[in-house]
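>>> What follows is a predicted protein model with its sequence.
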Amino acid sequence: MDNALGLARAAVVLKPRKARPFFGRHPWVLDTAIARVEGEFTDGDVVDLLCDKRRFIARGMINRHSRIRVRLYSWNADEALDDAFFRRRLEQALRLRTQIGYDDPHGAARLVYSEADGLSGLIVDRFGRHLVMQVTALAMSARAPSLVQLLAELASPQSVSLRVDGETAKTEGIRLEPGVVWGELPSEPLQIVEHGLQYEVEPLAGQKTGFYLDQRENRAAAARYLRDRRVLDMFCYTGGFALSAIKLGAAREVLAIDGSARAIAQGEKTAAANNVNGVTFQQEDAFAALDRLREAEEQFGAVILDPPKFARGRQSVNDALRAYHRINRVAVDLLEPEGILVTCSCSGSVLREDFQNMLAGVAEKSGRTIQILENRGASPDHPLNPSCPENEYLKCFICRVV
Ligand code: SAH
């Protein structure tokens, strides 16, 4: 087994005219681009990617289970994908978070973001001194024990936990047991601070890895427009936007609605713990709530929409856009003149341009003018890799609706 050396066991030869994206550093080689594999290998092994003329393009790891047959990690023929390589990549990723000031030991941050940190299939979030690792590629699951050791050494956490998404595990053929894999995770929820607000996070029980880190800067950005306004925070989860609206933005009051009873209970607890008054949490289906509020002719100075992913893939984009149109249409109806609309989409297959066109459709149907004030994405601890646009998923438009 040459994996410890990080050198290629086999060569993956592309079909003619399929090499362009990989010279352009796209890290996913789909099965359909591959002519043949030369040499013996097992899934998770290091392989070299060659063009049809047998020129070296990049080094990666193969997985016959996945439609992403090879994930690429290095474009340097002299670079082995060994432990030293992973150490360098992790150090580089950690340095970014320090560089952008996301290193408050009481705060939370995404430490590793897959393709954007040159580590396709690995996500690591930090909640205070505790790390949560998500593995979304077989190649990374095979290396999980050494990655955990490296993280323990480089980030000095109190614990490292592993989360595995069932769906991804199936498509990648990952067999890993979720749970605490290093150190000790307290049984009570963790406390983290964001924008001076304290939140409880349960890394193993909460949604995703327990807290929506990607919206951090958007919560602060939105708050700036909310002074003295009556705000509706729809799909509020544990109240990230709602609490920031009051605490940072001096909003007058917030009605915060989510379908999850657990999230709502957590939100109420968080508001009380932070002495934040003025947020009313309510458990209700968002679609029903929007219709009910419109029926009652309620008016708000601002509406925040942060729904879950509506599109699972390219084929459901049109349905998703219809759903976005529907909720944004009602949100606009609920807004007083010159009100603020903060509207988000975390569906990766809905492109920024599609989302903007959806807003144009809402302007047309409602007869209201929409001014986009800020066209935002995820926080900088979720960098984007220009070679892998598939990773850009979060859109957050802050608008004024005249
Ligand atoms: N704005 C939040 C994150 C929202 S995530 C924050 O800043 O932390 C999306 C939320 O939508 C989740 O909390 C989920 O419980 C909620 N949700 C999903 N479907 C829903 C529905 N039909 N009605 C109401 N809430 C729903």
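Structure's in. What do you need? Numbering: from 1, shown residues only.

>>> who in the stretch 301-402 of the chain is up against the ligand?
Applying Cβ under 6 Å from any ligand atom, we find that the stretch 301-402 of the chain lies next to the ligand at Asp306, Pro307, Pro308. (Glycine included, C-beta is placed from N, CA and C.)

>>> Would you list the buried entries among those?
Asp306, Pro307 (16 or more other Cβ atoms under 10 Å).

>>> Can you lay out the residues of the stretch 301-402 of the chain next to the ligand as a markdown table showing secondary structure, distance to Leu94 and pLDDT?
Listed next are those as a markdown table, based on DSSP: H, G, I helix; E, B strand; the rest coil; distance: Cβ to Cβ, whole Å; pLDDT from 0 to 100:
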| residue | secondary structure | distance to Leu94 | pLDDT |
| --- | --- | --- | --- |
| Asp306 | coil | 28 | 98 |
| Pro307 | coil | 32 | 97 |
| Pro308 | coil | 30 | 95 |
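
>>> Dump the residues of the stretch 301-402 of the chain next to the ligand into a markdown table; add distance to Ser161 as well.
Listed next are these as a markdown table, based on distance: Cβ to Cβ, whole Å:
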| residue | distance to Ser161 |
| --- | --- |
| Asp306 | 25 |
| Pro307 | 27 |
| Pro308 | 23 |
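
>>> lowest-pLDDT helix or strand in the chain?
The helix or strand of the chain with the lowest confidence, counting by mean pLDDT, DSSP states H and E, is helix 166-172 at a mean of 87.

>>> counting contacts, what elements does that one pack onto?
Of the remaining helices and strands, none touches helix 166-172 by 3 or more Cβ pairs under 8 Å, 6 or more residues apart in numbering; DSSP states H and E.

>>> Which helix or strand lies directly C-terminal to it?
On the C-terminal side of helix 166-172, the closest following helix or strand by DSSP states H and E is strand 179-183.

>>> What is that next one packed up against?
Looks like strand 179-183 contacts helix 144-155, strand 159-163 (3+ Cβ pairs under 8 Å, 6+ apart).

>>> Note down every partner strand of that strand and its orientation.
strand 159-163 (antiparallel) (DSSP bridges).

>>> contact partners of the strand it pairs with?
129-135, 144, 148, 151-152, 176-185, 203-204, 209 (Cβ atoms under 8 Å, 6 or more residues apart in numbering).

>>> Give me the distance between it and the centre of its chain.
17 Å (Cα atoms, centre = their mean, to the nearest Å).

>>> try stretch 40-59
Using Cα atoms, centre = their mean, the offset of stretch 40-59 from its chain centre is 29 Å.

>>> what's the answer for stretch 128-144, then?
Centroid separation for stretch 128-144 versus its chain: 15 Å, with Cα atoms, centre = their mean.

>>> Pull out the buried residues from that stretch.
128, 130-144.

>>> ditto for stretch 182-198
In stretch 182-198, counting by 16+ other Cβ under 10 Å, buried: Trp182, Gly183, Leu185, Pro189, Leu190, Ile192, Glu194, Leu197.

>>> what's in contact with that stretch?
Counting by Cβ under 8 Å, 6+ apart, 104, 106-108, 127-128, 130, 148-149, 151-152, 157-161, 199-204, 210-211, 216, 219-220, 240, 243-244, 247-248, 270, 273-274, 276 sit against stretch 182-198.

>>> hmm, 7 Å instead?
For stretch 182-198, contacts defined as Cβ atoms under 7 Å, 6 or more residues apart in numbering pick out 104, 106-108, 127-128, 130, 148, 152, 157-161, 199-203, 211, 216, 219-220, 243-244, 247-248, 273-274.

>>> Buried ones only from the residues you listed, please, as a ChimeraX command.
Here is the ChimeraX command that selects only those of the contacts of stretch 182-198 that count as buried (16+ other Cβ under 10 Å):
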select :107,108,127,128,130,148,152,157,159,160,161,199,200,201,202,203,211,216,219,243,244,247,248,274
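
>>> Mark which of the contacts of stretch 182-198 are part of strands, please.
Ala108, Phe127, His130, Ser159, Val160, Ser161, Tyr199, Glu200, Val201 (DSSP state E).

>>> isn't the last one right up against Phe211?
Yes: with contact defined as Cβ atoms under 7 Å, Val201 counts as touching Phe211 (4.8 Å).

>>> Need the residues touching each of those two.
Contacts common to Val201 and Phe211, judged by Cβ under 7 Å, 6+ apart, are Ala108, Phe127, Ile192.

>>> Could you name the helices and strands sitting against the longest strand anywhere in the chain?
Identified as the longest strand of the chain according to DSSP E is strand 335-345. Applying 3 or more Cβ pairs under 7 Å, 6 or more residues apart in numbering; DSSP states H and E, one finds that strand 335-345 contacts strand 300-305, helix 317-334, strand 395-401.

>>> that older thread, quickly check the buried residues of stretch 128-144 for the two that are furthest apart.
Gly128 and Leu138 (30.1 Å; Cβ to Cβ).

>>> Might you name the residue of the stretch 101-250 of the chain sitting closest to the ligand?
Gly240 (3.0 Å; Cβ to the nearest ligand atom).

>>> For Ala288, see how far away the nearest residue to that residue once chain neighbours are set aside is.
With sequence-adjacent residues excluded and distances taken as Cβ to Cβ, 6 or more residues apart in numbering, Gly240 is closest to Arg219, at 5.3 Å. Here Arg219 is placed at a distance of 25 Å from Ala288 (Cβ to Cβ, to the nearest Å).
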